[in-house]
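Chemist: Give me a 3D structure for the following:
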Amino acid sequence: MAVLRFLVLLIVTLNLFPQTAVFPLSEVRTGQHGIGKTVFSGNKIEEFQVEILGVLENLGPRQSVILARLSGGPLEKTGVMQGMSGSPVYINGRLAGAVALAFNFAKEPIAGIRPIEEMLAINGPQTAKAPAEPRAARRDIPLSASLAGAHTPDATLVEIATPVSFSGFTSGTLERFAPELQKLGLEPRQGISSGGALPPKLGNPAQLRPGDMISVDLLSGDLTIGAEGTVTEVQGKRIYAFGHRFMSVGETELPFARAEVLALLPNLSASFKISSAREWMGTITQDRSTSIYGELGRKAETVPVALTVKDGHRAPIGYHMQLVNDRVLSPFILQMAVYSAIDATERTLGLASYSLRGAIEFQHGIQPLRLDNTYSGDFNVPLQASSGVSSPLAYLMAAGFDTLKVKNITLEIEASERKRTLQIDQATASPKQVHAGQPVELAVTLTGENGVETVKTLRYTVPVGAPAGTLNFTVSDATSSNLLDYQQLAATAPKSPTQLVSFLNSLRPNTSAYVRVWRTDPAFQVQGQDLPDPPPSVGLILNKAQAAQGIWFPRGSKIDELQIQTGNVVVTGSKTVSVDVKE
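Modeler: Just a heads-up that it's a prediction; the model follows:
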């Protein structure tokens with residue numbers, strides 16, 4: 001009975017994880033013929049013919065490519081299409097590799113086939129801790145026709161560009177962020193995929209086969225971003241696809257869905273498939289130079305995002321999305337989503353003001369990051385507002401704290417066609433000479449639209465025991481004031497997620513002016529906090545310690561800070577006034 005149970009278990013295991021019949025690169029010969037599999041319409045996997053032209057040895061570092069001529073189906077009209085990346089190629093019934101490269105503006109469907117051995121190697125132990133190589137740093141194989149542009153010779157074999165479809169985004173958003181998207185190795189296309197939320201239930205892993213289309217989604221819901229490619233091999237719950245890098249981010253967690261092809265679009269530059277995601281299938285966990293690797297039935301951990309836009313002319317517009325949880329991608333994609341939501345109000349040019357209120361919540365009971373600021377001006381205000389959301393998220397996710405995981409993001413945007421700004425025009429102090437313990441009257445003149453002036457006054461009492469010398473009052477906006485704190489934090493790295501979130505929550509909003517009271521004494525930092533005018537012995541020790549670390553703040557020693565509230569109006573500019581403290 002024990003032997004019988006062992007045999008049954010062995011049979012079940014072999015059925016779950018069948019061994020791949022590999023046609024090794026060493027057996028590839030010129031003139032051999034094979035077949036490839038891909039989807040040209042719907043979800044029907046069709047065959048095309050493959051004629052081996054030869055092997056290009058060491059085309060990349062320890063990488064070789066099989067050169068082949070493709071034929072059959074629509075390939076005579078379309079050539080090698082974007083979306084075919086990963087299409088499996090079989091010789092004598094064994095898997096030889098995946099369609100992965102092509103020539104720019106080629107008149108014939110000549111393709112480069114990635115050997116299957118190189119694709120399967122990405123799941124080996126040697127790559128488990130390998131650092132992700134920056135895509136733009138590679139020079140052995142050009143990235144794509146779109147990235148190389150006119151400087152790429154027509155005879156250069158390049159990775160087939162991965163079409164990345166954007167649904168729900170405004171055209172202005174794609175135009176604004178296209179250069180950044182291309183730097184990430186993405187070929188943005190609008191209107192070539194149907195958006196909308198997919199059912200949360202994962203599809204049947206048995207239904208995903210080599211040759212099927214998949215969509216790797218960076219954002220899903222009311223706004224979607226999906227990259228389309230083809231599955232090369234399925235081994236139990238493991239899948240290999242694309243035959244080249246997606247973005248070369250290394251270890252990752254990106255949800256992917258089974259997709260259907262709606263149409264093929266022949267194009268003089270590069271033909272491509274128009275497809276649509278249908279059901280979630282699993283998670284891509286590795287993105288390497290020769291392939292992407294994923295697991296079927298594994299649900300990716302994403303971040304729920306809720307955006308609401310109000311403009312006073314119509315009912316509030318709500319967006320609900322699921323964002324990938326990635327240190328590099330998440331802030332950038334969030335910025336695009338916020339920019340698109342603002343762009344949809346048709347107020348991206350000219351006078352505008354945007355008030356943003358919301359929070360980024362974290363797991364493990366860490367306090368949420370508050371989003372509460374206002375942006376106003378004549379130009380690029382939507383970009384400033386979207387950066388005001390993405391920048392703190394990028395700062396948090398890049399800090400390297402494993403326990404700092406985003407739970408959800410909520411944001412409410414209030415748009416206005418008015419420019420609500422005040423310029424710091426003048427600052428005066430009276431009297432010019434004071435003694436310790438005496439008050440100083442400060443008057444700050446703020447200039448608004450049409451030259452209307454507003455004067456704000458406040459009183460500061462010089463501390464008892466203050467040494468004689470010059471006392472400075474710098475009236476500045478939030479950007480200038482926060483920059484000093486950012487410099488300090490950069491020099492003294494935060495010790496915990498709580499300290500980092502607390503620092504970001506303490507940053508000043510744009511709707512006030514800030515009076516920094518300071519002296520010309522050297523400034524020191526201890527655990528992120530100012531230590532003004534320490535005793536000479538302590539100052540000597542701190543001076544040596546900070547000098548050894550390359551840290552020095554010539555800005556002077558901060559004594560106090562006062563706030564001038566202006567309402568929901570953005571303050572800009574900076575002025576400094578001084579008084580003499582007499583003995």
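Chemist: Please give me every residue in contact with the spatially closest residue to E260 that is not a sequence neighbour.
Modeler: Spatial nearest neighbour of E260, excluding adjacent residues (Cβ to Cβ, 6 or more residues apart in numbering): N43 at 4.9 Å. C-beta: built from backbone N, CA, C; applies to glycine. Residues near N43 by Cβ atoms under 8 Å, 6 or more residues apart in numbering: D212, M213, R258, E260, V261, R278.
Chemist: Next secondary structure element downstream of the lowest-mean-pLDDT helix or strand in the chain?
Modeler: For the chain, counting by mean pLDDT, DSSP states H and E, helix 145-148 ranks last in confidence among helices and strands (a mean of 34). Per DSSP states H and E, the first helix or strand lying C-terminal to helix 145-148 is strand 157-159.
Chemist: Pairing partners for that following strand, with directions?
Modeler: Sheet pairing of strand 157-159 (DSSP bridges) gives strand 94-103 (antiparallel).
Chemist: After the strand it pairs with, which helix or strand is next? Please name it.
Modeler: strand 110-115.
Chemist: Which elements pack onto the helix or strand hosting A259?
Modeler: Element membership of A259 [criterion: DSSP H and E] is strand 250-265. Under the contact criterion of 3 or more Cβ pairs under 8 Å, 6 or more residues apart in numbering; DSSP states H and E, strand 250-265 touches strand 33-41, strand 213-221, strand 224-235, strand 272-287, strand 317-324.
Chemist: Tabulate these (JSON lines), appending mean neighbour count, distance to A300 and mean pLDDT.
Modeler: Putting the helices and strands packed on strand 250-265 into JSON lines (neighbours: other Cβ atoms under 10 Å; distance: least, Cβ to Cβ, whole Å; pLDDT from 0 to 100) gives the following:
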{"stretch": "strand 33-41", "mean neighbour count": "20", "distance to A300": "23", "mean pLDDT": "95"}
{"stretch": "strand 213-221", "mean neighbour count": "26", "distance to A300": "9", "mean pLDDT": "92"}
{"stretch": "strand 224-235", "mean neighbour count": "26", "distance to A300": "13", "mean pLDDT": "93"}
{"stretch": "strand 272-287", "mean neighbour count": "22", "distance to A300": "4", "mean pLDDT": "90"}
{"stretch": "strand 317-324", "mean neighbour count": "19", "distance to A300": "7", "mean pLDDT": "93"}
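Chemist: Include distance to Q487 when you put those into CSV, please.
Modeler: Below are the helices and strands packed on strand 250-265 laid out as CSV (distance: least, Cβ to Cβ, whole Å):
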stretch, distance to Q487
strand 33-41, 53
strand 213-221, 33
strand 224-235, 34
strand 272-287, 34
strand 317-324, 30
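Chemist: Which residue is the nearest non-sequential neighbour of the residue most central in space within the chain?
Modeler: Nearest to the mean C-alpha position of the chain, counting by Cα atoms, centre = their mean, stands L329 at 2.3 Å. Leaving out its chain neighbours, the residue that sits closest to L329 by Cβ to Cβ, 6+ apart is L218, at 6.1 Å.
Chemist: if I read this right, that neighbour contacts T252, doesn't it?
Modeler: No - checked against Cβ atoms under 8 Å, the pair L218 and T252 is beyond contact range at 10.5 Å.
Chemist: Look through this protein and tell me its longest helix.
Modeler: Across the chain, the longest stretch assigned as helix under DSSP state H is helix 381-397.
Chemist: Can you name the element that comes right after that helix?
Modeler: Next along from helix 381-397, by DSSP H and E: strand 406-416.
Chemist: Contacts for that following strand next, please.
Modeler: Strand 406-416 is contacted by residues 303-312, 323, 325, 330, 334, 338, 341-342, 345, 347, 352-363, 371, 385, 389, 393, 396-397 when judged by Cβ under 8 Å, 6+ apart.
Chemist: after that strand comes which helix or strand?
Modeler: Using DSSP H and E, the helix or strand that follows strand 406-416 in sequence is strand 421-430.
Chemist: Counting by contacts, list what the helix or strand following that next one packs against.
Modeler: Scanning forward in sequence from strand 421-430 by DSSP H and E, the next helix or strand is strand 433-435. Helices and strands touching strand 433-435, as assessed by 3+ Cβ pairs under 8 Å, 6+ apart, comprise strand 574-582.
Chemist: Partner strands of the strand it packs on, with direction?
Modeler: strand 433-435 (parallel), strand 469-476 (antiparallel).
Chemist: who wins for proximity to E117 among those?
Modeler: Of all those, it is strand 469-476 that lies closest to E117, at 61.0 Å by Cβ to Cβ.
Chemist: With only the CA atoms kept, save that closest one in CSV.
Modeler: What follows is strand 469-476, C-alpha atoms only, in CSV (Å, rounded to 0.1, in the frame of the first residue of the first chain):
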residue,chain,number,x,y,z
GLY,A,469,24.3,90.5,18.4
THR,A,470,22.2,90.3,15.2
LEU,A,471,18.8,88.6,15.4
ASN,A,472,17.4,87.7,11.9
PHE,A,473,13.7,87.3,10.9
THR,A,474,13.2,85.5,7.6
VAL,A,475,9.6,85.5,6.3
SER,A,476,9.3,82.8,3.6
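Chemist: Next, the buried residues of the helix or strand following that strand.
Modeler: Counting by DSSP H and E, the next helix or strand C-terminal to strand 469-476 is helix 478-491. The neighbour-count check on helix 478-491 (16 or more other Cβ atoms under 10 Å) flags A478, S480, S481, N482, L484, D485, Q488, L489 as buried.
Chemist: angle of helix 478-491 against strand 574-582?
Modeler: Using axes from the mean of the first three to the mean of the last three Cα atoms, to 10 degrees, the direction of helix 478-491 lies 80 degrees away from that of strand 574-582.
Chemist: packing partners for the next helix or strand after helix 478-491?
Modeler: Following helix 478-491 in sequence order, the next helix or strand is helix 497-505 (DSSP H and E). Packing partners of helix 497-505 (3+ Cβ pairs under 8 Å, 6+ apart): strand 369-377, helix 381-397.
Chemist: Okay, buried residues for helix 497-505 please.
Modeler: Buried residues in helix 497-505, counted by 16+ other Cβ under 10 Å: P497, L500, V501, F503, L504.
Chemist: Report the rounded mean pLDDT for the helix or strand just after it.
Modeler: Following helix 497-505 in sequence order, the next helix or strand is strand 512-519 (DSSP H and E). Averaged over strand 512-519, pLDDT sits at 92.
Chemist: tell me the angle strand 512-519 makes with strand 469-476.
Modeler: 160 degrees.
Chemist: Would you give the sheet partners of strand 512-519, along with the direction of each?
Modeler: Short version: by DSSP bridges, strand 512-519 pairs with strand 469-476 (antiparallel), strand 557-565 (antiparallel).
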